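Asker: make a model of this:
(2 chains)
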Amino acid sequence: MRSDDRSRGLPPAALRWALIAIVVVLWEVLPRVGAIPALFLPPLSESLRILVTDWPAYASALWVTLREVCVALLLVCCGGILGGAVLGSVPALRALLLPVASSLFAVPIVIVYPILTVWFGIGPASKIAFATLGGFFPTLLATAAGIRTIDPNLLLAARSMGASLPQLVVRVIIPAAIPTVLAGLRLGGVLAIVGVVVSEMLISDAGIGYLVTSYRTVLDSPHVFAAVLLIVLVTLLFDTLARWLEYRAAAWQPQSRRGWRRAPRGAADDVTAVT
Amino acid sequence: MVRCMADVIQHPASAARAAGAAGSIQVTGLSHAYASGGGPMEALADIDFTVGTGRFVVIVGPSGCGKSSLLMMLAGLRQQTAGSILCGNRPVTGPDPDRIGVVFQDANLFPWLTALDNVAFPLALRRVKPAERRRRALDMLRMVGLENFAARHPHELSGGMRQRVSIARGLVQDPPVLLMDEPFAALDEQTRMTMGEELLRIWAATRKTVVFVTHSLQEAVFLADEVLVMSARPGRIIDRIEVDLPRPRTYAMMAELHFARLRDRIWQHIRSSHAL
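Answerer: The predicted structure follows:
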């Protein structure tokens, strides 16, 4: 059934790269020939050139943003995973708080950002608080789900082999929950990055988001797009890292549940047919 | 458990007696009731039986008769309401992998571990050194014929292979008793028949005491030295059938009149139990 996919033209990976190449070319060509005003979309090379010539300014802004993102990610990891673990393993607490957490996840938290600036000032602290809030709920919910959906038969089997409670946690509960937790963390991490950039764009005095806003107000599109390129790069980097981690942690799962890339099919499929 | 060990050390005579009967099981006056909407529900009543060391005993009964609950109590994974369970002359108060290995219906392998690490898991819990763990787990995998699949994860194995890994895991600590809770119920019929033969081969090689729960009459007669037949809820033992077919057992025996008579005797009990 899989050979059908293969026989139909280019493999998906090649097609993906081709699409990216087309976008890059259009980005350069369309503004150059005047199909799109350079104010709306400056040529790609123009933004890249600015990124190089104005690198010191961009680098210091990137440094500010990355620092905020890292602290927020750390807080999201600790808070979200710990909270989710507690929520997932204590049924009474789960019944009480999980519906609240799910509902809060749906609230657009941008509305609380002005309040956070009052509390924490316009420096990094308010950005970190805002981003942590954004990444917290998906991580919390995923961890709670990961713990709750552990097969009780695995716990029973481990108990029959004499596992103590700490051994159950370390050797069964954590490994069983890791794939779900990492999937939640990937989503939470991306939302944390979004949170930092958005809050920098709203009220701040430094960072990539701040650069975007300040160049936008003077209609300097090439500089705005240079900043956008940097943010895209940071996000892609994080996503790749998170997916690689997820792939490594889920190496034991059936192929269909692994996202990173398609591993070669095991010979066991053929063996099982014989046995 | 530690206390029991101390007792044995203090009384050499009882230690000697325990060694001779290490694989024996003695169940006396066992009852179990659980709370339900309309008051306590009696699941098991007045269960008495003894299993001698090295015997293969199969428990059959209609579904819902509590045979799996009974096995969980033998394994120390569930507490009975009344009565006592002795294994090797010492009471069973909780899971004790030194005395009792358990094989579950769905193999219950840890999907993130390889076959080898699954078999070695009970040893890892005991902090056995990695090299020693690996050696013993490989020995067990070899015994169940899966040494070439040591590095595979459970999802890469067939149902029958998974159950064989599970048997290897149950035996890796060399307990005198192996409890099996409908281990082949989820397998297709052909695999199931092969696994029955395979289990008898392993049993003959290790001489463990086996208590095996199933709802298949054919499987019961094929495997057992003795079949305990249970009634519908509350589960009681209503018959003990000594299976005097010679060993090694072969599939040809299933066609014999004696095999059919034994199976029929169990079926009569279960049918009348259903009629209730």
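Asker: would you list every one of the strands in the stretch 151-276 of chain B?
Answerer: For the stretch 151-276 of chain B, strands defined by DSSP state E, counting those that start in this stretch occupy the ranges B:177-181, B:209-214, B:226-230, B:237-242.
Asker: turn those strands into JSON lines, including mean pLDDT.
Answerer: As requested, the strands of the stretch 151-276 of chain B are exported to JSON lines (pLDDT from 0 to 100):
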{"stretch": "strand B:177-181", "mean pLDDT": "93"}
{"stretch": "strand B:209-214", "mean pLDDT": "94"}
{"stretch": "strand B:226-230", "mean pLDDT": "92"}
{"stretch": "strand B:237-242", "mean pLDDT": "90"}
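Asker: so what's residue A:119 up against?
Answerer: When contacts are counted by Cβ atoms under 8 Å, 6 or more residues apart in numbering or on different chains, residue A:119 is found next to A:126, A:129. All C-beta atoms are positioned from the backbone trio N, CA, C, and that covers glycine.
Asker: what about it, which SS state?
Answerer: At residue A:119 the chain is in helix, as set by DSSP: H, G, I helix; E, B strand; the rest coil.
Asker: ditto for residue A:231
Answerer: Under the three-state scheme (three-state DSSP), residue A:231 adopts helix.
Asker: wait, it touches residue A:211, no?
Answerer: No: the criterion here is Cβ atoms under 8 Å, and residue A:231 misses it with residue A:211 at 9.8 Å.
Asker: let me know the pLDDT of the residue in chain B sticking out farthest from the centre.
Answerer: No residue in chain B sits farther from the centre than residue B:38, which is 32.5 Å out by Cα atoms, centre = their mean. Per-residue confidence (pLDDT) for residue B:38: 74.
Asker: any idea how far it lies from chain A?
Answerer: Going from residue B:38 to chain A by Cβ to the nearest Cβ, to the nearest Å gives 24 Å.
Asker: quick check: next helix or strand after the helix or strand that contains residue A:48?
Answerer: Assigning secondary structure by DSSP states H and E places residue A:48 in helix A:44-53. Proceeding C-terminally, helix A:44-53 gives way to helix A:55-89 as the next helix or strand, assigned by DSSP H and E.
Asker: show me which residues of that following helix are buried.
Answerer: A:58, A:61-62, A:64-65, A:68-69, A:71-73, A:75-77, A:79-81, A:83-89 (16 or more other Cβ atoms under 10 Å in any protein chain shown).
Asker: ditto for stretch A:152-162
Answerer: A:154-162.
Asker: okay, the residues you listed in CSV with secondary structure, pLDDT and distance to residue A:22 next?
Answerer: Listed next are the buried residues of stretch A:152-162 as CSV, based on DSSP: H, G, I helix; E, B strand; the rest coil; pLDDT from 0 to 100; distance: Cβ to Cβ, whole Å:
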residue, secondary structure, pLDDT, distance to residue A:22
A:154, helix, 94, 48
A:155, helix, 93, 52
A:156, helix, 93, 55
A:157, helix, 94, 53
A:158, helix, 94, 53
A:159, helix, 93, 57
A:160, helix, 93, 58
A:161, coil, 93, 57
A:162, coil, 90, 61
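Asker: returning to that earlier point: show me the one of the strands of the stretch 151-276 of chain B that comes nearest residue B:149.
Answerer: Taking Cβ to Cβ, strand B:177-181 is the member of the strands of the stretch 151-276 of chain B nearest to residue B:149, at 21.1 Å.
Asker: tell me what the helix or strand containing residue A:125 is packed against?
Answerer: Using DSSP H and E, residue A:125 sits within helix A:124-148. The contact analysis (3 or more Cβ pairs under 8 Å, 6 or more residues apart in numbering or on different chains; DSSP states H and E) places helix A:124-148 against helix A:55-89, helix A:91-106, helix A:113-120, helix A:174-202.
Asker: tabulate those helices (CSV), appending mean pLDDT.
Answerer: Shown next, in CSV, are the helices and strands packed on helix A:124-148 (pLDDT from 0 to 100):
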stretch, mean pLDDT
helix A:55-89, 91
helix A:91-106, 83
helix A:113-120, 90
helix A:174-202, 89
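Asker: for residue B:79, find the nearest of those.
Answerer: Per Cβ to Cβ, nearest to residue B:79 of the helices and strands packed on helix A:124-148: helix A:91-106, 20.9 Å.
Asker: for the closest one, buried residues please.
Answerer: For helix A:91-106, by 16+ other Cβ under 10 Å, it's A:94, A:97-98, A:101.
Asker: A strand includes residue B:49, no?
Answerer: Yes: under three-state DSSP, residue B:49 sits within a strand.
Asker: not counting sequence-adjacent ones, nearest residue to the residue of the stretch 1-150 of chain A found nearest chain B?
Answerer: Residue nearest to chain B within the stretch 1-150 of chain A: residue A:150 (10.9 Å; Cβ to the nearest Cβ). For residue A:150, ignoring the flanking residues on the chain, the nearest one in space by Cβ to Cβ, 6 or more residues apart in numbering or on different chains is residue A:176 at 4.6 Å.
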